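Trainee: got a predicted model here, sequence first, then my questions.
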Amino acid sequence: MQHIHEDYFRSAMFGLQDGLVSTTGVVVGVSTGVEDKAIIILASLVTVTVEATSMAAGQYSSEKAVHQMDKSGKHTDSLLLGAIIMFLAYFMAGMIPIIPTILLPQPSARFVAILAALTGLFTIGFIKGHLVNSKPLRSAVELAVIGGIATSIGLIVGYFLKI
């Protein structure tokens, strides 16, 4: 783990986790609330693109603030590279629940999207736990449970606000 810059690792993990959790919540929430596949895909693609951009901008500006606060100049990370890592991690992870929606009919796509997202979260958690030498299975289950809760919220909101 010593060869991975901690700021870049944080950006990648945060982007992957949030991209999967947030986008899955939107995909399943919207697909529960509307039947039109085009609307589900549009809402999902807009969400993942805007959120990935927002997360990258937030990564850049928050890390810049940390650099500005610490006058010792000990930071070796590139603000731009951190933002790019955040964008790519968020976007790629966010596409995991969107791809089944594009390729499969509803409601099968919703089920596959949830399964793919939870599997992705479990895998990311396991890899993270392994890389930081901290109980990979516990990390995997924790991340899958967090994602499951967020996905459930998306389903509930979509169900009650169905149009």
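Mentor: Right, received. Where do you want to start?

Trainee: so which bits of the longest helix that the chain contains are buried?
Mentor: In the chain, with assignment by DSSP state H, the single longest helix is helix 37-69. Judged by neighbour count using 16 or more other Cβ atoms under 10 Å, the buried positions of helix 37-69 are 40-41, 43-45, 47-48, 51-52, 55-56, 59-60, 63. To be clear about C-beta, it is placed using only N, CA and C from the backbone, and glycine gets the same treatment.

Trainee: go on, stretch 98-114?
Mentor: 98, 100-101, 106, 109-110, 112-114.

Trainee: average pLDDT across that stretch?
Mentor: Per-residue pLDDT over stretch 98-114 has a mean of 95.

Trainee: mind listing what the most centrally placed residue in the chain touches?
Mentor: Centroid-nearest residue in the chain: residue 19, 1.5 Å away (criterion: Cα atoms, centre = their mean). The neighbours of residue 19, taking Cβ atoms under 8 Å, 6 or more residues apart in numbering as the test, are 48, 51-52, 55, 89-94.

Trainee: how about those residues in CSV, adding pLDDT and distance to residue 133?
Mentor: Formatted as CSV, the contacts of residue 19 follow (pLDDT from 0 to 100; distance: Cβ to Cβ, whole Å):
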residue, pLDDT, distance to residue 133
48, 97, 32
51, 97, 31
52, 98, 30
55, 97, 27
89, 98, 21
90, 98, 26
91, 98, 29
92, 97, 25
93, 97, 23
94, 97, 28
